[in-house]
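Asker: Dropping a prediction and its sequence here:
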Amino acid sequence: MNRRFILDCDPGHDDAVALLTAARFLDVIGITTVFGNSNVTNTTRNALALCEAAGLDIAVHPGSDRPIAVDAAVHSAQSIHGQSGLDGAALPPPTRKPHDQDAVNFIIESALQETDLTIIAVAPLTNLARAITRAPQIVNRISEISIMGGSTTFGNVTAAAEFNIFADPEAAAVVFASKIPKRMVGLNVTTTFGIASEHIARLRTSGQLLAQEIAGALDYYLGRQSAHYQRQFAPMHDVCAVIPYSHPSLIEYQDLHVAVECQGTLTRGQTVCDQRGMRRDDSAAPGASSTAVAMTAQGDAIVEVVMDSLLYYP
Ligand code: BDR
Ligand code: CA
């Protein structure tokens, strides 16, 4: 098996955890960045800073700075992730530069060259949608896309829509309608567990530099989660898209048709997951395609994977 991975992300506190966990367990051939939790300049800088602090030699390819629809607003997550996208982190500024090849071209080139490429997408799906639109032949070349986004139930930006989908619904619609095998882990699973203050204390007292730097970031993020959603823990949304490859037994998926709502006044950005139990393709909504959707997770075990990953780096 020569399974290789691209991480498409917008670091982002939980993206940082996903990046460090993916690099700990998987063969990550590149990181692509996109606007989302902050602007793409910040998310690219944060990815570079994380790689450098962790001693990871992975190129960072900068990507899209806005949604694909010309008149769509850029929606930021500053209220959760702060001005920098990674507030609270004590990471030194990176000395490395982003790669000259942009995210979309890197995804296309990798898809055409690699024999077993999986893309872990934990941010607005803009880079992927652009890659599919520019080079449609890549849909037959990508083994799987693992998306953190959407929900079978409630949203977080709106009552119906989750951030990564809401930030660029038209892009998400392109990806979900594509024939690439897909799995999706959404808020119905990712909000059921997370990092609490005792975990942050363990990182702080570990004596390990990166763990201490990340502890500051997670403390900030936990504070924002408490303020916004009255949570006593900080969900590790994005790492859940990594887990099916590092620890496959920890999340259970069910095949459902999923479509993205791009029109609704109250529901724009909703992932409409068809749970009627009908399996015939002709019963699916327009634009829907079969997706493995996460339904349950072993939260405590995933938190321990996260702790193990964060404490892995010196
Ligand atoms: C998703 O939105 C972002 O703020 C997080 O990084 C995660 O990818 C959760 O809705
Ligand atoms: Ca993210």
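Answerer: Nice, thanks for sending it over. Residues are numbered from 1 along each chain as shown. Ligands and ions are numbered 1, 2, ... in the order given.

Asker: Now do stretch 238-254: distance from first to last residue.
Answerer: With C-alpha to C-alpha, to the nearest Å as the measure, stretch 238-254 spans 19 Å from end to end.

Asker: How far does it sit from its chain's centre?
Answerer: The chain centroid and the centroid of stretch 238-254 are separated by 13 Å, computed with C-alpha atoms, centre = their mean, to the nearest Å.

Asker: Tell me if that stretch is near ligand 1.
Answerer: Yes: interface with ligand 1: stretch 238-254 contributes residue 238 (C-beta under 6 Å from any ligand atom). Where you see a C-beta, it was placed from the backbone N, CA and C, and this is true even at glycine.

Asker: and that stretch, which residues are buried?
Answerer: Neighbour-count burial for stretch 238-254 flags 238-247, 250-251, 253 (criterion: 16 or more other C-beta atoms under 10 Å).

Asker: What does residue 60 show for phi and psi?
Answerer: As for residue 60, its main-chain torsions (degrees, to the nearest 10) stand at phi -110, psi 120.

Asker: Over to residue 7?
Answerer: phi -100, psi 120.

Asker: What is the nearest of the buried residues of stretch 238-254 to ligand 1?
Answerer: residue 238 (4.7 Å; C-beta to the nearest ligand atom).

Asker: which residues in the stretch 201-314 of the chain form strands?
Answerer: Using DSSP state E, counting those that start in this stretch, the strands of the stretch 201-314 of the chain run over 251-260, 271-274, 289-297.

Asker: Which strands border the longest one, and is each parallel or antiparallel?
Answerer: Within its sheet, and counting by DSSP bridges, strand 251-260 is paired with strand 271-274 (antiparallel), strand 289-297 (antiparallel).

Asker: Deepest-packed of the ones you listed, please.
Answerer: strand 271-274 (a mean of 22; mean count of other C-beta atoms under 10 Å).

Asker: touching ligand 1 at all, it?
Answerer: No: shown here: strand 271-274 not in contact with ligand 1 (C-beta under 6 Å from any ligand atom), separated by at least 11.5 Å.

Asker: Which positions in the chain make contact with ligand 1?
Answerer: Applying C-beta under 6 Å from any ligand atom, one finds that the chain approaches ligand 1 through 12, 14-15, 37, 77, 80, 122-123, 148, 156, 162-164, 237-238.

Asker: Next one: residue 171 from residue 63, what distance?
Answerer: 11 Å (C-beta to C-beta, to the nearest Å).

Asker: Counting neighbours, go ahead and name the busier of these two.
Answerer: Between residue 171 and residue 63, counted using other C-beta atoms under 10 Å, the more crowded position is residue 63 (31 against 28).

Asker: So that one is in contact with residue 41, correct?
Answerer: No: the criterion here is C-beta atoms under 8 Å, and residue 63 misses it with residue 41 at 11.3 Å.

Asker: Reformat the strands of the stretch 201-314 of the chain as TSV; add distance to residue 144.
Answerer: Converted to TSV, the strands of the stretch 201-314 of the chain look like this (distance: least, C-beta to C-beta, whole Å):
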stretch	distance to residue 144
strand 251-260	12
strand 271-274	17
strand 289-297	9
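
Asker: And the pLDDT for the residue nearest the centre of the chain?
Answerer: By C-alpha atoms, centre = their mean, the mean C-alpha position of the chain lies nearest to residue 122, the distance being 1.2 Å. Listed pLDDT for residue 122 reads 98.

Asker: That one reaches residue 17, doesn't it?
Answerer: No: at 10.0 Å, residue 122 does not count as touching residue 17 under the criterion of C-beta under 8 Å.

Asker: so what sits against both of those two?
Answerer: residue 238 (C-beta atoms under 8 Å, 6 or more residues apart in numbering).

Asker: lowest confidence element among the helices and strands of the chain?
Answerer: When the helices and strands of the chain are compared on mean pLDDT, DSSP states H and E, helix 78-81 comes out lowest with a mean of 86.

Asker: what packs against the next helix or strand after that helix?
Answerer: Where DSSP states H and E defines the elements, the next helix or strand beyond helix 78-81 is helix 103-113. Under the contact criterion of 3 or more C-beta pairs under 8 Å, 6 or more residues apart in numbering; DSSP states H and E, helix 103-113 touches strand 4-9, strand 28-33, strand 60-61, strand 117-121, helix 126-134.

Asker: That's all I had, so thanks and see you.
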